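[1] this one's sequence-less:
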């Protein structure tokens with residue numbers, strides 16, 4: 001726990017943010033009654049106690065990648081200044097503050113040949129990502145990021161700073177790892193690191209519009225699904241599909257094209273990696289191929305997520321399995337003829353993701369085979385139209401659907417269904433009723449108010 005002396009947190013009027021950054025997601029307004037820029041755990045504790053005394057709801061904001069929707073009223077606690085990272089190479093752990101991004105943790109662990117179970121973007125807030133489960137670059141080999149949490153410090157609705165571990169507050173330890181933020185504001189987290197100083201990975205991109213230099217999207221998708229049935233657990237992959245804008249900022253081979261890419265991360269040897277990806281290269285001529293051996297510090301180049309703030313809406317479907325017919329229909333709905341630009345990502349699950357950790361947690365749907373993610377820019381597109389398209393996709397996938405992913409529902413704060421199976425949700429709701437009876441952090445168990 002923090003040893004900083006208790007102080008009154010810096011309070012910023014919502015209409016004059018005085019340098020407060022709204023974050024990565026710009027599609028939804030932040031209009032709290034009060035912004036608190038917390039520099040340490042005692043500042044968070046003071047802010048939560050003050051909000052509870054006034055009967056004001058509490059929202060939490062780190063980097064803003066996972067903002068679930070607009071914030072109206074209440075107290076917004078910004079954790080971006082709580083950015084400490086301490087790596088223990090002997091015990092292979094890291095202690096990270098609530099505002100730390102994955103890039104900072106990767107850089108701190110790399111000199112020791114270690115790596116966290118981070119996601120694809122180095123700018124995402126590490127703590128909030130992990131509380132939502134955390135589907136990372138090496139997920140099939142090592143499981144969810146939440147599976148590797150050792151301890152957490154969290155301020156609960158009663159204004160108490162609690163140290164939560166398997167031996168202390170075991171119910172909270174279960175819930176916070178995969179259950180999101182409904183039980184308090186996490187100020188620090190201790191995580192386990194893995195040995196991964198390098199990896200073999202990258203992406204291979206195909207023109208999926210059937211042109212003279214490409215193959216059809218359906219063919220790439222068929223071949224990818226077949227390939228996932230043959231790869232070892234140490235290989236994590238995903239497939240993405242989108243039409244690249246026809247603008248000068250885009251790479252020439254992809255500009256204005258409908259592109260299907262397969263992303264790969266594998267900790268085995270480069271020689272074995274080359275053998276494993278050979279069936280992908282045999283699909284057809286590639287627009288781009290970045291598959292190579294790389295230091296782990298370059299793992300973000302596998303996906304090359306956009307680093308600049310923008311407005312978007314997103315959702316997801318967790319699938320028990322996926323047949324080619326439904327997968328192809330999904331690409332037809334979201335492809336070049338869709339009413340708006342939609343980025344589709346299909347994550348191959350299984351492997352270590354299907355194995356529960358020795359100390360169980362609230363991460364649901366371990367039996368899932370795939371996760372389908374949808375994301376649409378909101379520049380010139382209204383949310384209602386995006387939701388209508390996503391509803392069509394959901395209807396196609398309904399026979400295979402298990403639920404939705406808490407980590408990948410951006411802007412969908414009005415939808416709280418499906419994030420956990422019924423048994424897990426019931427247990428989480430009971431803990432919320434016990435620890436936050438006044439619904440300070442959001443009441444019914446659904447979307448987190450934290451913006452990652």
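    Looks like it arrived, so ask away. Quick caveat, the model's predicted, so the values are computed rather than measured.
[2] residues in contact with the most centrally placed residue in the chain?
    In the chain, the centroid-proximal residue (Cα atoms, centre = their mean) is residue 407; its distance is 4.3 Å. Neighbouring residues of residue 407 by Cβ atoms under 8 Å, 6 or more residues apart in numbering: 66, 129, 132-135, 316. Backbone N, C-alpha and C define where each C-beta goes, glycine included.
[3] Select the helix or strand of the protein having the lowest average pLDDT value.
    Least confident helix or strand, the chain: strand 10-13 with a mean of 39, by mean pLDDT, DSSP states H and E.
[4] So which residues of the stretch 151-300 of the chain form strands?
    For the stretch 151-300 of the chain, strands defined by DSSP state E, counting those that start in this stretch occupy the ranges 161-164, 185-192, 194-195, 198-207, 235-243, 258-266, 288-289, 292-295.
[5] May I see these arranged in CSV, with mean neighbour count, distance to residue 177 and mean pLDDT as well?
    Below are the strands of the stretch 151-300 of the chain laid out as CSV (neighbours: other Cβ atoms under 10 Å; distance: least, Cβ to Cβ, whole Å; pLDDT from 0 to 100):
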stretch, mean neighbour count, distance to residue 177, mean pLDDT
strand 161-164, 19, 9, 98
strand 185-192, 24, 10, 98
strand 194-195, 14, 17, 98
strand 198-207, 24, 25, 96
strand 235-243, 23, 20, 97
strand 258-266, 25, 23, 97
strand 288-289, 14, 37, 95
strand 292-295, 15, 29, 98
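[6] What pLDDT is listed against the residue nearest to residue 293 when sequence neighbours are not counted?
    Take residue 293 and drop its neighbours on the chain: the residue closest to it by Cβ to Cβ, 6 or more residues apart in numbering is residue 270, 4.1 Å away. pLDDT, residue 270: 98.
[7] still on that earlier bit, next structured bit after the least confident helix or strand of the chain?
    Note on strand 10-13: by DSSP states H and E, the next helix or strand toward the C-terminus is strand 30-31.
[8] for that following strand, what is the average pLDDT?
    Regarding strand 30-31, the rounded mean pLDDT is 86.
[9] Stretch 371-388 too?
    On average, stretch 371-388 scores 92.
[10] and of the strands of the stretch 151-300 of the chain, who's closest to residue 116?
    strand 185-192 (6.2 Å; Cβ to Cβ).
[11] so what does the closest one touch, helix or strand wise?
    Under the contact definition 3 or more Cβ pairs under 8 Å, 6 or more residues apart in numbering; DSSP states H and E, strand 185-192 sits against helix 41-54, strand 93-97, helix 126-131, strand 149-155.
[12] Let's see that with 6 Å instead.
    helix 41-54, strand 93-97, strand 149-155 (3 or more Cβ pairs under 6 Å, 6 or more residues apart in numbering; DSSP states H and E).
[13] just to revisit the earlier point, just send the contacts of residue 407 back as JSON lines, with distance to residue 370 and neighbour count too.
    Shown next, in JSON lines, are the contacts of residue 407 (distance: Cβ to Cβ, whole Å; neighbours: other Cβ atoms under 10 Å):
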{"residue": "66", "distance to residue 370": "21", "neighbour count": "27"}
{"residue": "129", "distance to residue 370": "20", "neighbour count": "27"}
{"residue": "132", "distance to residue 370": "18", "neighbour count": "28"}
{"residue": "133", "distance to residue 370": "15", "neighbour count": "28"}
{"residue": "134", "distance to residue 370": "17", "neighbour count": "29"}
{"residue": "135", "distance to residue 370": "11", "neighbour count": "27"}
{"residue": "316", "distance to residue 370": "11", "neighbour count": "25"}
